[in-house]
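Asker: Structural data only, the sequence is not supplied:
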């Protein structure tokens with residue numbers, strides 16, 4: 001059988017395919033979570049963080065060992081903890097939650113606006129064992145929204161200024177028309 005330089009012999013191609021299948025099979029959750037670009041964490045049903053990637057540490061400014069095995073209540077307010085726990089129950093019931101606002105505190109004390117998307121984690125028997133969450137840092141979006149609002153306010157002010165200017169111009173034009181009519185009527189009276 002002819003050997004293709006790119007593919008190798010048929011048996012080499014099959015062995016290569018086996019290696020590829022084994023490699024894909026080794027992509028377990030730990031690798032996926034660790035390499036996710038967004039902050040990803042896994043919590044149990046009580047809100048204890050069981051796993052978190054480096055992006056979580058970067059977002060919050062805590063080392064991995066300061067995040068793992070901690071309750072989410074260490075990072076969010078008591079009210080948000082109650083809301084998160086309720087949302088966690090909802091995740092277990094519905095399977096997913098999207099765009100939940102959380103404001104965790106960083107190591108420096110800064111409150112960081114985030115959006116949380118989470119889904120339920122189940123064991124092989126289908127029993128709910130926790131949740132996996134993905135946080136989105138909303139600071140830049142909030143800055144963009146604030147900037148857009150300031151532009152909108154500026155634009156509204158300019159529109160009001162233009163409306164006032166239009167009133168002045170239209171009022172002046174109306175006065176000029178009224179004066180012209182008055183002049184015309186005076187000319188007619190003076191001729192007649």
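Answerer: All right, it came through fine. Predicted, not measured: the structure shown is a model, and the values here were computed from it.
Asker: CA only for contacts and neighbour counts going forward, please
Answerer: Noted.
Asker: Which parts of the protein are strands?
Answerer: With DSSP state E applied, the chain shows strands at 40-44, 49-52, 96-102, 114-122, 128-137, listed in chain order.
Asker: Pull out the buried residues from the first one.
Answerer: Of the residues in strand 40-44, those buried by neighbour count under the rule 16 or more other CA atoms under 10 Å are 40, 41, 42, 43, 44.
Asker: what's the closest non-adjacent residue to the second one?
Answerer: Closest residue to residue 41 in three dimensions, ignoring its sequence neighbours and counting by CA to CA, 6 or more residues apart in numbering: residue 52, at 4.1 Å.
Asker: Could you look over the strands of the chain and pick the most buried one?
Answerer: Most buried of the strands of the chain by mean neighbour count (mean count of other CA atoms under 10 Å) is strand 40-44; its value is a mean of 23.
Asker: Residues contacting it, please?
Answerer: Under the contact criterion CA atoms under 8 Å, 6 or more residues apart in numbering, strand 40-44 has outside partners 33, 49-53, 55-56, 129-135.
Asker: now do 6 Å
Answerer: 49, 50, 51, 52, 53, 130, 131, 132, 133, 134 (CA atoms under 6 Å, 6 or more residues apart in numbering).
Asker: Which pair of those residues spans the longest distance?
Answerer: For those, the farthest-apart pair by CA to CA is 53 and 130; their separation is 16.5 Å.
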